[in-house]
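> What follows is a predicted protein model with its sequence.
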Amino acid sequence: MNAPGHHAMLPHPDHDETARQEWVRTFRQHLATRVAPGVAAVYERRVLPRFRAQHQREPADRHEIRREMLQDGYHQFWSALQRRSQELMWDTLADTVEREHDALVSRAKALSADGPGSLELDPDLDIPTYHAAVDIHLQPGGYHSEFAPDDVAAGALYDAALPIYLAGALGPENDLLGRTLAGFLAHHAPEFEPRRMLDMGCAIGNSTLPWCRAWPEAEVHAIDVGAPVLRYAHARAVALGARVHFSQQNAERTRFDDASFDLVVSHIMLHETSRAALPRILAECHRLLRPGGLMLHMEIPRGGTPFEQFMLEWETYNNNERFAGYMTDADLPRLAASAGFDATDCTMERASLGMSTEQKSYGAGDFSFPVLVARKASADAERQRA
Ligand SMILES: C[S@@+](CC[C@H](N)C(=O)[O-])C[C@H]1O[C@@H](n2cnc3c(N)ncnc32)[C@H](O)[C@@H]1O
C-alpha cells in the first residue's frame with residue numbers, strides 16, 4: 001500500500017538506499033534533539049560568563065556571539081556533524097535518483113502530456129548568479145542544473161530531501177508552508193477571493209498545491225528559474241490532481257502583463273535571492289498586481305534572541321544560504337514601500353507552523369515564519385500618488 005502523500009513522481013529507494021536514508025534522517029534527529037541543545041548549554045554556562053567577565057556587558061548581537069562560539073570545541077563538534085549530515089543526505093538521495101532517472105523522466109513526460117495545467121520552459125533564461133555561483137543548501141547542481149535531456153533530478157531530490165531535512169514537518173505532501181500561508185490569508189483577509197494568482201519560486205510546486213485546493217476556482221500560475229524542478233512540478237501536480245500553469249521565469253522580471261494578478265505569493269524564496277534582486281522582485285510584484293491586489297512573502301524564521309539568530313545563521317556560513325543572514329536584518333516593509341507599495345499598506349506578520357524540536361534542527365526557540373504583507377493601492381489612490 002502507498003504511504004500517505006505518495007505520488008507517481010516520487011523516487012523509490014531500494015532496500016539499502018532506504019536504510020541509508022533512514023540512518024541520515026535519524027542522525028539529523030539525534031543532532032537536533034541531543035547535540036544541538038548542548039550548544040545552547042555551553043553558550044549559557046561557558047561562553048557567555050566568560051564574555052561578561054571580559055567585557056562587563058552582554059553580547060551586542062549574533063555576530064559577537066558567533067566570534068566567541070567559533071572558538072568553542074563543542075560548537076565545532078556540532079557544526080561539523082550538522083554539515084556532514086547535510087552532505088550525507090544529498091549523497092544517499094542522489095543514489096536513488098540517478099538509478100531511477102530514466103524512469104522518472106518517462107513518467108514526467110507521460111503525466112505532463114495528459115495533465116491539466118501547463119508547462120512552459122525557457123532554455124534561454126539567464127540563471128541568476130546567486131543560483132549559478134553556489135549550490136544552495138549544498139544541493140548538487142542547485143535547482144537549475146541539467147545533467148541529462150529532460151532532466152527532473154533536481155525536483156526528485158528536493159521532494160525526497162524535504163522530509164529528511166525538516167524531519168517530516170511539512171507533512172506527507174511537503175505542503176505545510178502553502179497550507180499555512182493560504183490559511184493565513186483566509187484569516188487575514190476573509191473577504192479576499194483570489195481569481196488569478198502567482199506563486200514565485202515554486203520549485204516542485206509543493207507549496208503551490210494548497211492554493212489550488214483552498215480556491216479551486218482560481219487560475220494558479222507558478223514560476224521558478226529551474227527547468228528540472230518545473231518539469232517535476234508539473235508532473236507532480238498532475239499526479240496529485242491539481243491544475244497549475246508552471247513557467248520558467250525570473251521573479252525579478254516576468255513576462256506576465258501589468259496588473260494581471262490579484263494575488264502574488266512566495267514561500268521561502270526571498271532568502272535564496274540577492275541584495276540586488278530583492279528590490280526588483282518586490283517591484284515586479286507591484287507591477288503584476290491589480291489595484292487592491294495582495295502580495296504575501298513567507299520567509300524563514302529569524303529567531304527572537306541574538307543567540308537564536310546566531311544558531312539560525314549557521315545556514316548562511318555552512319549551508320550555502322548566503323543571503324539568509326542579510327534577510328535577518330532586512331526591513332522588508334520599507335523595501336516594499338520603496339518598490340511602489342504605500343508604506344501604510346506594508347506590514348510584517350507572523351505565521352506559526354507548530355514544529356517540534358527535532359524538526360527545527362537548531363534547538364527550541366522562536367520558530368514562527370515571518371510574512372511580508374502588502375496591498376497595492378486602489379486605482380484612485382495610485383492616481384492621487386502619481
Ligand atoms: C527554498 S526553495 C522554495 C520552494 C518552494 N516554494 C517551497 O515552499 O518549498 C526556493 C525556490 O525559489 C526559486 N527562486 C529563487 N530565486 C528565484 C527567482 N529570481 N525567480 C524565480 N524563482 C526563484 C529557486 O529556484 C527555488 O526553487
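It's in.

> and the helix or strand residue 66 falls within, which residues are buried?
Under DSSP states H and E, the secondary-structure element containing residue 66 is helix 62-69. For helix 62-69, burial by neighbour count (16 or more other C-beta atoms under 10 Å) applies to 62, 64-66, 68-69. Any C-beta I mention is one placed from the backbone N, CA and C, and that applies to glycine too.

> Output the below-cut-off pLDDT ranges for the stretch 51-200 of the chain.
Residue ranges of the stretch 51-200 of the chain with pLDDT under 70: none are present.

> Around the ligand, pick out the residues from it.
Contact residues, the stretch 51-200 of the chain versus the ligand (C-beta under 6 Å from any ligand atom): 128, 143, 177, 200.

> quick one: which of these is nearest the ligand?
Proximity of these to the ligand was ranked by C-beta to the nearest ligand atom; the top entry is residue 143 with 3.7 Å.

> Number of residues surrounding that closest one?
When counting by other C-beta atoms under 10 Å, one arrives at 24 neighbours for residue 143.

> Just give the closest residue to it, not the sequence neighbours.
Once flanking residues are discounted, residue 143 sits nearest to residue 226: 3.4 Å by C-beta to C-beta, 6 or more residues apart in numbering.

> ok so, going back, may I ask which two of the buried residues of helix 62-69 are separated the most?
Comparing every pair within these by C-beta to C-beta identifies 62 and 68 as the most remote, at 10.9 Å.

> residues in contact with the residue nearest to residue 143?
Residues touching residue 226, when contacts are defined by C-beta atoms under 8 Å, 6 or more residues apart in numbering, comprise 131, 142-144, 154, 203, 248.

> Those residues in helices, which ones?
When the contacts of residue 226 are checked against helices (DSSP state H), the matches are 131, 154.

> Just flag the most distant two among the contacts of residue 226.
Pairwise distances across those (C-beta to C-beta) peak at 14.0 Å, for the pair 142 and 248.

> Let me have the residues of the stretch 51-200 of the chain next to the ligand in a markdown table, extended by distance to residue 343 and secondary structure.
Compiled in a markdown table, these are given as follows (distance: C-beta to C-beta, whole Å; DSSP: H, G, I helix; E, B strand; the rest coil):
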| residue | distance to residue 343 | secondary structure |
| --- | --- | --- |
| 128 | 28 | coil |
| 143 | 33 | coil |
| 177 | 27 | helix |
| 200 | 22 | strand |
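
> And the furthest pair within these?
The largest distance within these, taken as C-beta to C-beta, falls between 128 and 177 and amounts to 21.9 Å.

> Of these two, which one has the most company?
residue 177 (22 against 18).

> I figured that one hits residue 298, correct?
Yes - in this structure, residue 177 is within contact of residue 298 by C-beta atoms under 8 Å, at 6.1 Å.

> Overlap of the contact sets of those two?
If you check residue 177 and residue 298 against C-beta under 8 Å, 6+ apart, the residues they both contact are 267-268, 369.

> The helix or strand that the helix holding residue 66 is followed by vs helix 62-69, what angle?
Remark: after helix 62-69, the chain's next helix or strand is helix 73-114, criterion DSSP H and E. For the pair helix 73-114 and helix 62-69, the angle between their directions (axes from the mean of the first three to the mean of the last three C-alpha atoms, to 10 degrees) equals 120 degrees.
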